[in-house]
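>>> below is the sequence, then the predicted model.
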Amino acid sequence: MKTILVTGGLGYIGSHTVVELINSGYEPIIVDNLSNTSIDVLNRIEQISHKKCVFYQIDVCDKVALSSVFEKHIIDSIIHFAAFKAVGESVEQPLKYYQNNIGGLITLLEVMQEKGIKNIVFSSSCTVYGEPDSSPVNELSPIKKASSPYGNTKQIGEEILTDCGFLNCVALRYFNPIGAHSTALIGELPLGVPNNLMPYITQTAIGIREQLTVFGNDYNTPDGTCIRDYIHVVDLANAHVKALKFIETHPDNLFDVFNIGTGEGYTVLDIVNMFEKENNITLKYKIGPKRAGDVEKVWADNSKAKTQLQWQANHTLVDMVKSAWKWQLALQESK
Ligand code: WQD
């Protein structure tokens, strides 16, 4: 059984990936500093997978603590999620983002080099494309100047990984992950006011937020609101399992990138309308000003991941909006 170190493994995407790793016969070792999640997520992963997971509360910037994990376990590959990811916050606190996201990656890579470990799956983002000239974007689409320090940490991260010749690395460029595990035991757990669309929708629907503000409706799109490629978090989690298998079967690979999106673009109002229809809810929202840093439209050409990773998205937009609501209801009940 191959052992996979999952940094940020109690986070939104990390926790769903740990479940899929276990389903696929891997042994995950979870490292998380709990800065943006709760230790309860570990219990919930165990409830879903019926397996106790090894967990270390460690900050990936702490080289001594991180190294100690490699002394206790024989690690075959690493999936690196641990990073801050709020676009708006990164504009207000750029050094916090560079220190954590870049510093943490460098620390991890130093330890990997010292321990002779080369296999890594890196959590990247479609934000590296900035405002694309056209969509769908493929992996050869131009990398634009990042619209935020967060996006820049992903671009720099990919460049660092490309330059480290000792690695066998796959970077996954996520589009917009939403939804939750079918058990409603794990899902998105935004601390404080959500930055992202879906948790703001579900918190509005359940009454935690007064109303949703749709950031602009005069974009050059069918209904004037921005277009994104929303992907179910479980489909995204499974892309990581496929990326591991790619690394395992391509030992001479140095660095490769794959878009992980459904290939479909939906506007903000499409999502709002689908959420209302599928959950039989009337959502209170208003149109507000555009949000700084937002791109108008971006969605994926995912053909490279389909052919080379043998991956595809199986969940529909209906699954996404229903599972997101089921998760919000479960959160409310658990209070
Ligand atoms: C989506 C759309 C907003 C909130 C995210 C992550 C980023 C990256 C890509 C992984 C936009 C609109 C939002 C609200 C709104 N993922 N919106 N009202 O900005 O595409 O970026 O996905 O790396 O880390 O942040 O996602 O959910 O914030 O916004 O109208 O209250 O919803 O304007 O058009 P975004 P988002």
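Thanks, I have the structure now. Numbers count the residues shown, from 1 in each chain.
>>> C-alpha only now, for contacts and for neighbours.
Will do.
>>> confirm residue 4 sits in a strand?
Yes. Under DSSP: H, G, I helix; E, B strand; the rest coil, residue 4 falls within a strand.
>>> after the helix or strand of the chain with the lowest mean pLDDT, which helix or strand is next? Please name it.
Lowest by mean pLDDT, DSSP states H and E among the helices and strands of the chain is helix 87-92, with a mean of 86. Counting by DSSP states H and E, the next helix or strand C-terminal to helix 87-92 is helix 94-97.
>>> does that following helix reach the ligand?
No. Applying C-alpha under 6 Å from any ligand atom, one finds helix 94-97 separated from the ligand by no less than 12.4 Å.
>>> the helix or strand just after that helix: how far from the chain's middle?
Downstream of helix 94-97, the next assigned helix or strand under DSSP H and E is helix 103-115. The gap between where helix 103-115 is centred and where its chain is centred comes out at 21 Å by C-alpha atoms, centre = their mean, to the nearest Å.
>>> the ligand contacts on the protein?
So far as C-alpha under 6 Å from any ligand atom goes, the chain lies against the ligand at 85-87, 125, 127, 174-176, 195-197, 200, 212-215, 226, 268, 291, 294.
>>> and these, which are buried?
85-87, 125, 127, 174-176, 197, 200, 212-215, 226, 268, 294 (16 or more other C-alpha atoms under 10 Å).
>>> which ones among the residues you listed are found in helices?
Of these, the ones assigned to helices by DSSP state H are 87, 197, 200, 268.
>>> who's in contact with the third one?
Just to be clear, that refers to residue 200. 193, 194, 209, 212 (C-alpha atoms under 8 Å, 6 or more residues apart in numbering).
>>> rewinding a little: packing partners of the least confident helix or strand of the chain?
helix 149-163 (3 or more C-alpha pairs under 8 Å, 6 or more residues apart in numbering; DSSP states H and E).
>>> the closest residue to residue 62 other than its chain neighbours - how many residues pack around it?
Closest residue in space to residue 62, ignoring its immediate chain neighbours: residue 107 at 7.6 Å, by C-alpha to C-alpha, 6 or more residues apart in numbering. The local packing of residue 107 (other C-alpha atoms under 10 Å) involves 18 other residues.
>>> residue 107 against residue 59, yeah?
No. Residue 107 lies out of contact with residue 59 (C-alpha atoms under 8 Å); the separation is 10.2 Å.
>>> can you give me the helices for this structure?
Using DSSP H, helices in the chain cover 12-23, 40-49, 63-72, 87-92, 94-97, 103-115, 149-163, 197-206, 233-249, 268-279, 303-308, 317-333.
>>> hey, least reliable of these by pLDDT?
With a mean of 86, helix 87-92 has the lowest mean pLDDT of the helices of the chain.
>>> how close does residue 324 get to the ligand?
Residue 324 is 13 Å from the ligand, where distance means C-alpha to the nearest ligand atom, to the nearest Å.
>>> contacts only, for that residue.
Counting by C-alpha under 8 Å, 6+ apart, residue 324 has contacts 178, 179, 180, 187, 198, 199, 202.
>>> let's see which of the residues of the chain next to the ligand end up in strands.
125, 174, 176, 212, 213, 214, 215 (DSSP state E).
>>> lowest-confidence entry in those?
Lowest confidence among those: residue 125, with 94.
>>> now residue 134: closest residue in space that isn't a chain neighbour?
Residue 134 sits nearest to residue 298 (C-alpha to C-alpha, 6+ apart), 7.8 Å away.
>>> do the same with residue 101
Per C-alpha to C-alpha, 6+ apart, closest to residue 101 is residue 83, 5.0 Å.
>>> so that neighbour touches residue 8, yeah?
Yes. Here residue 83 reaches residue 8: they are 7.4 Å apart, a contact under C-alpha under 8 Å.
>>> ok, these two, which is more surrounded?
residue 8 (28 against 25).
>>> read off the pLDDT value for that one.
With respect to pLDDT, residue 8 scores 98.
>>> again, but for residue 191
Looking at residue 191, the pLDDT reads 82.
>>> isn't it up against residue 36?
Yes. Between residue 191 and residue 36 there is a contact under C-alpha under 8 Å: 6.8 Å.
>>> and these two? which has more neighbours close in?
Neighbour count, other C-alpha under 10 Å: between residue 191 and residue 36, residue 36 has more, with 17 against 11.
>>> quick one: contacts for the more buried one?
So residue 36 contacts 11, 190, 191 (C-alpha under 8 Å, 6+ apart).
>>> and if you look at residue 298?
Residue 298 touches 131, 132, 134, 135, 136, 137, 227, 228, 229, 265, counting by C-alpha under 8 Å, 6+ apart.
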